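Visitor: Coordinates for the following, if possible.
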Amino acid sequence: MLLILVIVLVAAFLVVAGGGALFVSSRTARRRRVAAPDRESLARPPARPPQPRAPGTRVPAAPPGEAPPAEAPPAEAPPAEAPPGGGGPSEALGAPVVQAEVVLEPEAAREPEAALEPEAALEAGLAEALAPARRPHFRDRLGKARSLFAQQLAGLRGRKRLDEQAWEELEEALILADVGVGTTLRLLDHLRARAKEEHFDSPEQLVGALRDELVERLEGDRELHFAGPEATTVWIFVGVNGVGKTTTIGKVAMREVAEGRRVVVAAGDTFRAAAADQLQLWAERVGAGFVRGNEGGDPGAVVFDAVQHASARNIRLVLADTAGRLHTKVNLMEELKKVRRVADRPPGSVAEVLLVIDATTGQNGLVQARQFGDAVGVTGVVLTKLDGTAKGGIAVAIAGELGVPIKLVGLGEAPEDLVTFDAREFVDALLG
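Guide: Numbering: from 1, shown residues only. The predicted structure is shown next:
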């Protein structure tokens, strides 16, 4: 009986000990499976850390079977441990993996300035280069003359009634503006008669009448004339030294070439080599023909050769320079008459004799115009440097004393600053 009890206890002990060992061995195996790395994950190459990308770039899609790369977080974090089995929830459920295209939002930044395409920039540059030069306005260039004349007329305009003192102030203003004594007196006589007839009672009415009288006296033939179709037209430029005669010829040549005419320039000033060199530069610049002679040679021969040269090439316009000479030198004026006679021989025909006057010379320019007019028959005046004088009244004196129209005026140094004279625009700029 005792023996049987001992056997039962031993058997029970063995059963309990065997169950515990089995439980421990199964638990240890489970722990080893969890701790052991996944062979499939070890076979995969390590994932690259996300690279920084410029704002607005697109992240390329991942190949099939792989998850798209995620955007880099602000702070680096250790990579998550791969779950057992090597797949995510979608793989576990057998659902298809959708590869989404990830677009990074660009950072808020200042928009760059719009830039022209190369073709557009080239077209804009060509358009600016080929655009015609802007014609200068008298009001913009006659600031000195307007300032002086307006200052003189300020007392007149400030008066409440038109009395004798007002007439004296107007006379003083005209003389100071270089209109000249004779022209001023004749102008005042006309204004007094008009004021009496129209019953002027205010200075403003007088200034308005003065504006009309000045425009009427300055009006004239502004056209530069050409000879007949079978002749070669010759324009002769005369004047004393230093008035801008050679430069004026170059600017006129540029104007005519721009209008489609073929031109020959004759360097008739054989006494000053620099004049011929300067004129040659102008001719080359504008694309005109050029004829010159020997230094100290006969200017008439140079003009004659230029006319023959132009006629042989069917060129219908010759611009002839002449030596600058004092109007008081009788022998030089006689030589100028000879140049005109030679230029007027067929096939040449003198259509214009243009006297170039420096506007800053004042009343001396009027004396020059008289002497040259008697010698060669001046047909028009070119008034240069009008923008640099405070006494624009010389234009009124020339037109009033001689009856010679002012055809061109220089309002600056640029070629486009030589413009056709406009009487109304000139007077409006002078009186303000």
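
Visitor: what residues does stretch 388-399 touch?
Guide: 142, 144-145, 147-149, 174, 176-180, 183, 214, 217-218, 220, 357, 359-363, 365-366, 369, 381, 383, 386, 404-406, 409, 421, 426, 430 (CB atoms under 8 Å, 6 or more residues apart in numbering). Where you see a C-beta, it was placed from the backbone N, CA and C, and this is true even at glycine.

Visitor: if I look at the closest residue to Pro299 other than its chain neighbours, how far off is Trp167?
Guide: Closest residue to Pro299 apart from its sequence neighbours, by CB to CB, 6 or more residues apart in numbering: Gly268 at 4.2 Å. Gly268 is 49 Å from Trp167, where distance means CB to CB, to the nearest Å.

Visitor: related to what we said a few turns ago, list only buried entries from the contacts of stretch 388-399.
Guide: The neighbour-count test (16 or more other CB atoms under 10 Å) marks 142, 145, 148-149, 174, 176-180, 183, 214, 217-218, 220, 357, 359-361, 363, 365-366, 369, 381, 383, 386, 404-406, 409, 421, 426, 430 as buried among the contacts of stretch 388-399.

Visitor: Those in helices, which ones?
Guide: 145, 148-149, 174, 176, 183, 214, 217-218, 363, 365-366, 369, 426, 430 (DSSP state H).

Visitor: Touching, Val264 and Ile315? I think so.
Guide: Yes. Between Val264 and Ile315 there is a contact under CB atoms under 8 Å: 5.4 Å.

Visitor: who's more crowded, those two?
Guide: Val264 (25 against 19; other CB atoms under 10 Å).

Visitor: returning to what we had before: list residues touching both of Val264 and Ile315?
Guide: Contacts common to Val264 and Ile315, judged by CB under 8 Å, 6+ apart, are 289, 309.

Visitor: circling back: contacting residues around the residue nearest to Pro299?
Guide: Applying CB under 8 Å, 6+ apart to Gly268 gives the contacts 299-300, 302-303, 320-323, 339.

Visitor: can you check Ile315 too?
Guide: Ile315 neighbours (CB under 8 Å, 6+ apart): 232, 262-264, 289, 309.

Visitor: how much space between it and His309?
Guide: 8 Å.

Visitor: List the residues that are in contact with both of the two.
Guide: Residues touching both Ile315 and His309 (CB under 8 Å, 6+ apart): 264, 289.

Visitor: Quick one: mark the members of the contacts of Ile315 that sit in strands.
Guide: 232, 264, 289 (DSSP state E).

Visitor: Distance to Gly392 and pLDDT for these - can I get that in TSV?
Guide: Formatted as TSV, the ones in strands among the contacts of Ile315 follow (distance: CB to CB, whole Å; pLDDT from 0 to 100):
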residue	distance to Gly392	pLDDT
Thr232	36	96
Val264	34	98
Gly289	36	96
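
Visitor: Can you list the low-confidence ranges for this structure?
Guide: 1-3, 6, 8, 10-134, 141, 143-148, 325-329, 389-391 (pLDDT under 70).

Visitor: For it, which segments are assigned as strands?
Guide: 232-238, 264-267, 289-292, 317-320, 348-358, 380-384, 406-410, 418-420.

Visitor: and Gly208, which of those strands is closest to it?
Guide: When the strands of the chain are compared by CB to CB, strand 406-410 sits nearest Gly208, at 23.0 Å.

Visitor: Need the contact partners of the closest one.
Guide: 218, 220-224, 244, 248, 252, 354, 380-387, 395, 398-399, 417-421, 426.

Visitor: try it again with 7 Å
Guide: By CB atoms under 7 Å, 6 or more residues apart in numbering, the list of residues contacting strand 406-410 from outside reads 222, 224, 244, 354, 380-386, 395, 398-399, 417-421.

Visitor: Please apply the same query to stretch 360-374.
Guide: With CB under 7 Å, 6+ apart as the criterion, stretch 360-374 contacts 178, 180, 238, 240, 327, 355, 357-358, 378, 381, 385, 388-389, 391, 394, 397-398, 401-402, 404.
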